[in-house]
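# The sequence isn't on hand, but the structure is:
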């Protein structure tokens, strides 16, 4: 990969990538709200039926008026808020206001609410612009001391879209800066870091374009959070691949004076392990297609496509770029023939030797420590309410808090019930008698023989209390014969999303483990070693979830883990953790013939400890960058995965796996006898399998 043909291949890749980017263009998904509701959910069926009702294209935004000092509203205040609502109605005169009172005062006289119609077809940044106009109209000419807040469904959608405004640029800039700093520290060179950063950075832009094309071809939902996570994965994994390749290149330069020959050896020996690790992560990501939540499925496909792009650039573009400057890239620490062999010297060799001398003690203490971390899951609450999504202030949340303090909590966003018209009386009786229901009023008939109800719940939105009320209503309505009653609305959607997330965890997590185990068995042609690796990786992932949830709730003060965090975190921790296992264990298998497993694992840790540690720190830091985005879900994902990768790097890969391999001995390679028995014609040890690292 360093001759003229490799240059031709690299240039072809770059030209094709540039043409593809120009043809497809950039993605505009950053402003889209995540599609988190399965199509089969009852609340999704309700959304489909609502299109047959009058005013189906209209959704209400809620004006919440109060005094800044919390005092009772005067007649002049009410008149000012009525004028504010009229200004809001003038923003889009194509929409007619709903019948009923213009403003509804609260029982304590300290707040007032009014509905303003908004186009339900608007989404993303277009919705954000419309809500911004409504908010500007509400506050224009408002007397001092009065507070006007716009909340409701459109406002929440707008605030989510606004949270991703410029997010991709910020995320990319911070990620590139973090990677650059860590590469400079790792390589201790003022120029070497530029090459892998430029290659991986360009790969990330190409991956973004590929994601856009995949979304258009498949119809998958592509939103801002999907784009952000994919970018982090491409940067993190791509940089890891580059670190491993360059590390092997540096090692080969200690035995080969010609840098082109050394680079060819490095690509040939590091390439299989890089490909194997990439295939493992890609296949694990594709298991997300088994999920029911649309945004989860889209993340699996788009992130998998992005990682394949990263692999192509690292293996086809990076080597010619490294060959261009030769050894000068490593200045001032240029490797030379005869430099010390790091498989028998250095700090990592001493650490590995100490583990090999006391494997039982090391394994016991390390596994107990991971168990303590896993205990952080005890008592952890999973599920964020609608008002708990943002890490920064959002007017939609503040307005809902004001409303909840003076009105029934469900008044701003009533639950929707749809049933056949002939069952109207029976449905009305059930809703009127249901515990937790404040009021239930008919809200229109459809041309298809359906009746719609607006049901106000007493419980705060998306809480266990509101979920219990939804379950109660659904169970009671199911007993009405011929009603075909369905319950939808925001609370029902949140409940359906939670149930879908739990279902996806039950289905997808075993699939991830089976995929990873199968890849390891094929790669190592062994059974015992893959079982050990998968077992330790699962323990590490559970420990990370426990530690991360404890840090998230106790230190950062987040109220709970989001529904999607356990599945995504487990996926990334297992798939990316096995990456490092592949790098370590394939090197151990290379060193085992003629030496035995104990000596081989020591040499493997000594040879790969530095690069695996560097790669782990880079990947953990890149995931931590998700914290720059204002949504709690992404911040939590960054915390859990970042801490998990550090645990995997410094505890599992450095202590647990070497200790367990030492305890099991050569039996760890069973039934692959070639891994321990092959000698060359001179009776010296050589591996029967290609060198991967």
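It's in. If you're wondering where the values come from, they're calculated on a predicted model, not measured in any experiment. Numbering: from 1, shown residues only.

# Could you pull out the helices in the stretch 351-500 of the chain for me?
Here the stretch 351-500 of the chain has its helices, by DSSP state H, counting those that start in this stretch, at 359-374, 395-406, 424-433, 464-478, 490-524.

# for the chain, which spans come out with low pLDDT?
For the chain, applying pLDDT under 70 flags the ranges 1-4, 25-36, 56, 99-100, 164-168, 221-224, 338-344, 673-693.

# which residues touch residue 378?
Residues counted as contacts of residue 378 (C-beta atoms under 8 Å, 6 or more residues apart in numbering) are residue 546. Quick note: C-beta positions are derived from backbone N, CA and C, even for glycine.

# In contact with residue 473, which residues?
With contact taken as C-beta under 8 Å, 6+ apart, residue 473 is in contact with 415, 417, 430, 431, 434, 437, 455, 487.

# Tell me which of the residues you listed fall in strands.
The strands, defined by DSSP state E, take in 415, 417, 437, 455, 487 from the contacts of residue 473.

# OK, contacts around the fourth one?
This points to residue 455. 410, 414, 415, 416, 417, 431, 437, 439, 440, 473, 489.

# show me what contacts the closest residue to the fifth one other than its chain neighbours?
This means residue 417. Leaving aside its chain neighbours, residue 417 sits nearest to residue 453 (4.2 Å; criterion: C-beta to C-beta, 6 or more residues apart in numbering). Shown in contact with residue 453 (C-beta under 8 Å, 6+ apart): 416, 417, 418, 419, 427, 428, 431, 440, 441, 442, 443.

# quick one: which of these is most hemmed in?
residue 417 (28 neighbours; other C-beta atoms under 10 Å).

# wait, isn't it in contact with residue 487?
Yes. Contact status for residue 417 versus residue 487: in contact at 5.5 Å, counting by C-beta atoms under 8 Å.

# if I look at the two, which residues touch both of them?
473, 477.

# what about the residue nearest the centre of the chain, which helix or strand?
The centroid of the chain falls nearest to residue 229 when counting by C-alpha atoms, centre = their mean (4.9 Å). According to DSSP states H and E, residue 229 maps onto helix 224-253.

# ok now that helix, how far from the chain's centre?
Centroid displacement of helix 224-253 relative to its chain, using C-alpha atoms, centre = their mean, to the nearest Å, is 17 Å.

# the strands in this structure, which residues?
With DSSP E as the criterion, the chain has strands spanning 58-67, 104-105, 111-119, 146-151, 415-420, 437-445, 450-457, 486-488.

# Show the secondary-structure elements that the shortest one is packed against.
Yep, that's strand 104-105 we're talking about. strand 111-119 (3 or more C-beta pairs under 8 Å, 6 or more residues apart in numbering; DSSP states H and E).

# Give me the helices and strands touching the strand it packs on, please.
Counting contacts by 3+ C-beta pairs under 8 Å, 6+ apart, strand 111-119 packs against strand 58-67, helix 75-89, strand 104-105, helix 124-139, helix 395-406.

# Tell me which residues of the fourth one come out buried.
Buried residues in helix 124-139, counting neighbours by 16 or more other C-beta atoms under 10 Å, are found at 124, 125, 127, 128, 130, 131, 134, 135, 137, 138.

# Would you agree the second one is in contact with residue 160?
No. Contact between residue 125 and residue 160 fails when scored by C-beta under 8 Å: they sit 11.0 Å apart.

# which non-adjacent residue is nearest the residue nearest to the centre of the chain?
Per C-beta to C-beta, 6+ apart, closest to residue 229 is residue 299, 6.2 Å.

# and the one you found, how many neighbours?
28.

# Next up, the contacts around it.
226, 229, 230, 285, 288, 568.

# switch to 7 Å and redo it
Contact partners of residue 299, counting by C-beta atoms under 7 Å, 6 or more residues apart in numbering, are 226, 229, 288.

# contacting residues for the first one?
Going by C-beta under 7 Å, 6+ apart, residue 226 touches 29, 295, 298, 299, 302.

# And it, how far from residue 628?
Distance of residue 226 to residue 628, computed by C-beta to C-beta, to the nearest Å: 17 Å.

# Same check on the second one?
As for residue 229, its distance to residue 628 is 13 Å (criterion: C-beta to C-beta).

# The last one too?
Spatial separation of residue 288 from residue 628 under the definition C-beta to C-beta is 24 Å.

# and these two? which has more neighbours close in?
A count of neighbours by other C-beta under 10 Å puts residue 288 above the other of residue 288 and residue 628, at 25 against 16.

# and the gap between the more buried one and residue 529?
When residue 288 is compared with residue 529 (using C-beta to C-beta), they lie 27 Å apart.

# Give me the distance between the nearest residue in space to residue 439 that is not next to it in sequence and residue 102.
Closest residue to residue 439 apart from its sequence neighbours, by C-beta to C-beta, 6+ apart: residue 456 at 4.7 Å. Residue 456 is 19 Å from residue 102, where distance means C-beta to C-beta.

# ok, those two, which is more surrounded?
Using other C-beta under 10 Å as the criterion, residue 456 and residue 102 rank with residue 456 on top: 18 against 15.

# Let me know whether the more buried one touches residue 413 as I believe.
No. Taking C-beta atoms under 7 Å as the definition, residue 456 is not a contact partner of residue 413, at 9.3 Å.

# Pick the most buried one from the helices and strands packed on strand 111-119.
The highest mean neighbour count among the helices and strands packed on strand 111-119, using mean count of other C-beta atoms under 10 Å, belongs to strand 58-67: a mean of 23.
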